[in-house]
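> Just the structure for this:
(2 chains)
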Amino acid sequence: MTARRRILGLDEKQRFMIALIAPAVLALIAFQIVPILAGANASFRDWSLHDPQKTWVGLKNYLHVLGDHDFLTIVLPNTFGFMFASVGLSLVAGLMMAMLLNRRFAGRWLVQTVILLPLMVAPVIAAIMVRWMFNDQFGVVNAILGLFGIEPLAWLTQRWTAFFAILLTDVWLWTPWFTLLLLAGLQSLPPEPFEAAQIDAASPWRTFRYITLPMLRPVMVVCIVIRSIDAFRTFDIVWTISGGGPARATEVFSIYAYVEAFQFLNFGRGSAAAIIGAIIIVVFAMLLYRILNRWVEVSK
Amino acid sequence: MKWGSTIMRRSLVAAAVTLAVSAGIASPSSAQQRELKVGYMKNPIQDASLDIMDKWAKANNVKLTRVAMAYSVFMEKVTATLTSGNDQFDVIWHNDDWGQLWQKWLEPTDDVSGMENASKWPLDAFWSDQKKMTVVPMAHTVGTFFYRADLLKPEEVPKTFAELVSTGQRLQKEGKVKWGYVGGMSMNNTWFSLWWSMWANNCDILKPLFERDNAKLKAANYDPAIAEPCHREIVEYWWDAINTHKISPPGMTAYGRNEANAIFMAGEAAFTLVDSTHFGEFNDPKRSRISGKIGMAPFPVGPRAQVPTSWNEIWGWAIPKGVPADRKKLAKDMLGFMMGDEEGQIEMWKKTGGPPPNVKLWDKIAAQDPDFRMLKHAVFDQKPVTHSAYYFAEWPAVHKAYSDAVIGALSGKREDIGKFLQDNVEKVRRAAQGN
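Predicted coordinates:
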């Protein structure tokens, strides 16, 4: 038996493994790591997009963002409020639909297909549709309300009604995603506990409360963490429906960073805002994961 | 073996000869066909201007490539291209809104033929620090007060803010329209309600009023005028128009120009104010119910002014500095042709409603075309004329701070407007100072 030839201390199997992951690692470095480092570099510099001086300014951009009253009192509360509301509502609606689709009934395949349709719509297209649906003159929402004698509303001119339109769009877009994952989770649950519950004549609610929900928690944790991170950085639907208005009332973190970087062309400040947002969401995701993990452990 | 290598050698020689001959045949035309890439926004006026340039391109064996970009990303994308110094575009769309931001990245255009026929006023935004011009005008973009000519005779068109309310209400009561006035108001649509009325009430965003000299504005510490009585009056005017007189839709504070135009084109509003460049769209029977029923008139005047005001700006074309010298020359020749093509410019006006960049043509067109005569009277003949933006780097931030302040004031109670504007004075000032 001949000894395997080693290059740079790696045997053939190790080299093959490296060759397999190399393209993905290179893509990650080129399209994730390098832009993040470039953005981080810009955040410490006086870097306007139209006239990049690139002089070192230390933490000036960070201090500006963290000292911005609107960032602290409007943007962050809006971002977290949107995230909690959207994830919470999508989770509940997704779970309800998954429970429904987990039962056998005529036309189930059709309902499954229809429910998944929002996943096939680009968020920006959905947002444009919603903006017109909530238009106070031409919108279908006011037209329907009018049938019940309700006065037309100028939805996008007030904070909470505009926020409602944005939230509704996001929930509509993401509920199918929750449905899909939770349905997969439901279908993978072992049948024995449910059969035992049936023998014990447990009510459907108690079966759901004490068997389905605890067993589904690991899937729900993954869904909540992934979707929370995603909701934190939501940009397209807010930008299209309200532009962060009226008067910044629906502005979220990603709009703040975008406006600084690409409307005011202050790339340094926009990058600082983006890095601050990234740190916030990393810390938040870690905390959330620990809390939810504990919840899963307790449920075991 | 020897036979095989001979065959191989002969084959290689034959292939080389074939390649050389075919390259020789192909090279004259491909070497002569040069390419110019134009980065622009997809818009009928810009396409019409490019159609003029295309005539020159075809006659000079140049391939004109149009690279369309969305308005919402145009400035950001092209700014990044310019600062990187590459030659992705030979010609780009240029606008007074970002006139000063690009001045150091653009080739001087003083030597483009036909520039002497351009109006000088709208070029103010495009001078470089070295006192060189950096744009070639494509078409004028002017705020224009449109009215329903089928509902009102020219002499009945409102001349004051008060008449705008009374005439609008009368037409509403008669059931001829649902709304008196509709116009864009949200961020980046501020011109079409708040700003035209602000200038028409002899007011402005910063003090000294109507000053556009950056040194003087800086010396005045970028003092905002938004809490001044002349400005508070216009915010109260729009609050009343929406909530008290109800001549404007309740959702107007969130409208962009698309929503406002849709309402006007549906025949549901008597008046609007938007860029003249929308005149063609309003008269397109496939898209508009009021095609052929639109008149243009001078802006109604506020209580603090005696005569109508107007603004007069341009869309233009510019050449990035990073473009190689030979293509710069080609681009200048092409733009010079565009400036000199009277027939093409008249055609552009007829097709799109874009007023030609050669102002010497205006009287000629006005003599033949009643629509242009109307536009000329409504806008170009009105004095004083103002600039519809400021020309310093922080202008986008000032615009945003202003918009947030005024939309916030309009979203609250009428009695709080004065305080709300006062509370936002420092925000506008800080935006102008880059803080």
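
> From now on I want contacts and neighbour counts done on CA atoms only, so please keep to that.
OK.

> Residue B:371: which element?
Assigned by DSSP states H and E, residue B:371 falls within helix B:370-375.

> which residues are in contact with that helix?
The contact list for helix B:370-375 (CA atoms under 8 Å, 6 or more residues apart in numbering or on different chains) reads B:144, B:276, B:295-297, B:365-367.

> and if you look at stretch B:241-250?
By CA under 8 Å, 6+ apart, stretch B:241-250 touches A:136-137, A:154, B:165, B:168-169, B:172, B:179-182, B:240, B:252.

> same thing with stretch B:292-299?
Contacts of stretch B:292-299 (CA under 8 Å, 6+ apart): B:144-150, B:154, B:157, B:159, B:196, B:200, B:282-283, B:308-310, B:374-375, B:377-379, B:382.

> If we use 6 Å, what do you get?
Here stretch B:292-299 makes contact (CA atoms under 6 Å, 6 or more residues apart in numbering or on different chains) with B:145-150, B:283, B:308, B:374, B:378.

> how about the nearest residue to residue 187, chain neighbours excluded?
Defaulting to chain A. Excluding its sequence neighbours, the residue lying closest to residue A:187 (CA to CA, 6 or more residues apart in numbering or on different chains) is residue A:102, at 7.1 Å.

> not what I meant, chain B
residue B:403 (5.8 Å).

> Distance check, the residue of chain B found nearest chain A against residue B:398.
Scanning chain B for the residue nearest chain A gives residue B:404, at 4.1 Å (criterion: CA to the nearest CA). Distance, residue B:404 to residue B:398, by CA to CA, to the nearest Å: 10 Å.

> For the two, work out which one has more neighbours and name it.
residue B:398 (25 against 22; other CA atoms under 10 Å in any protein chain shown).

> which secondary structure element contains that one?
Going by DSSP H and E, residue B:398 is part of helix B:395-411.

> Count the neighbours of residue B:382 for me.
Neighbour tally, residue B:382, other CA under 10 Å: 16.

> Equivalent analysis for the one 4 residues further on, please.
Other residues within reach of residue B:386, judged by other CA under 10 Å, total 18.

> ok, now residue B:138?
29.

> Would you agree it falls within a strand?
Yes: assigned with DSSP: H, G, I helix; E, B strand; the rest coil, residue B:138 falls within a strand.

> which ones are touching it?
Counted by CA under 6 Å, 6+ apart, residue B:138 has contacts B:315-316, B:357.

> Leaving out the residues flanking it, which one is nearest to it?
Residue B:138 sits nearest to residue B:316 (CA to CA, 6+ apart), 4.5 Å away.

> I'd say the residue of chain B closest to chain A and residue A:247 touch.
Yes: Residue B:404 is within contact range of residue A:247, at 4.1 Å (criterion: CA atoms under 6 Å).

> ok, back up a step: ok, the contacts of stretch B:292-299 vs residue B:49, which is closest?
residue B:283 (19.7 Å; CA to CA).

> Up against chain A, what does chain B have?
Within chain B, the positions near chain A by CA under 6 Å from any CA of the partner chain are B:76, B:79, B:101, B:250-251, B:254, B:396-397, B:404, B:407-408.

> any idea which of the residues you listed has the most stuff around it?
residue B:254 (27 neighbours).

> Show me where the stretch 1-150 of chain A dips below the pLDDT cut-off.
For the stretch 1-150 of chain A, the stretches with pLDDT under 70 are A:1-4.

> all helices of it, in order?
In the stretch 1-150 of chain A, the helices defined using DSSP state H, counting those that start in this stretch lie at A:12-28, A:34-43, A:60-66, A:69-70, A:76-101, A:108-116, A:123-133, A:140-147.

> Is residue B:185 in a helix, a strand, or coil?
Residue B:185 ends up coil, using three-state DSSP.

> Help me confirm that it comes into contact with residue B:251.
No: using CA under 6 Å, residue B:185 makes no contact with residue B:251, being 9.7 Å away.

> Pull the distance from stretch A:68-80 to the chain's centre.
18 Å (CA atoms, centre = their mean, to the nearest Å).

> burial measure for residue B:60, as a count.
By other CA under 10 Å, neighbour count at residue B:60 equals 14.

> tilt between whatever helix or strand residue A:180 lives in and helix A:76-101?
Assigned by DSSP H and E, residue A:180 belongs to helix A:159-187. Helix A:159-187 runs at 40 degrees relative to helix A:76-101, counting by axes from the mean of the first three to the mean of the last three CA atoms, to 10 degrees.

> Any regions of the stretch 151-300 of chain A where pLDDT drops low?
A:297-300.

> Please identify which residue in it comes closest to chain B.
residue A:247 (4.1 Å).

> which parts of the stretch 151-300 of chain A sit against chain B?
A:154, A:157, A:247, A:262, A:264.

> One more pass at 10 Å, please.
A:152-159, A:162, A:241-249, A:259-266 (CA under 10 Å from any CA of the partner chain).

> can you tell me which of those are in helices?
Applying DSSP state H to these, the entries found in helices are A:159, A:162, A:241.

> Name only those of those residues that count as buried.
A:159, A:162, A:241 (16 or more other CA atoms under 10 Å in any protein chain shown).

> for the first one, what are its contacts?
With CA atoms under 10 Å, 6 or more residues apart in numbering or on different chains as the criterion, the residues that contact residue A:159 are A:242, A:244-251, B:411.

> Buried ones among these?
A:242, A:244-251, B:411.

> Which one of these is nearest to residue B:291?
Closest to residue B:291, out of all of the buried ones among the contacts of residue A:159 and judged by CA to CA, is residue A:242, at 30.5 Å.

> Farthest pair within the contacts of residue A:159?
A:251 and B:411 (15.8 Å).

> How about the residues of the stretch 1-150 of chain A by chain B?
A:48-52, A:64, A:132, A:134-138.

> could you redo the last one with a cut-off of 6 Å?
Residues of the stretch 1-150 of chain A lying near chain B (CA under 6 Å from any CA): A:50, A:136.

> was I right about the residue of the stretch 151-300 of chain A closest to chain B contacting residue B:409?
No: contact criterion CA under 6 Å: residue A:247 and residue B:409 do not qualify, at 8.9 Å.

> my guess is residue B:68 contacts residue B:41, does it?
Yes: counting by CA under 6 Å, residue B:68 does reach residue B:41; the two are 5.3 Å apart.
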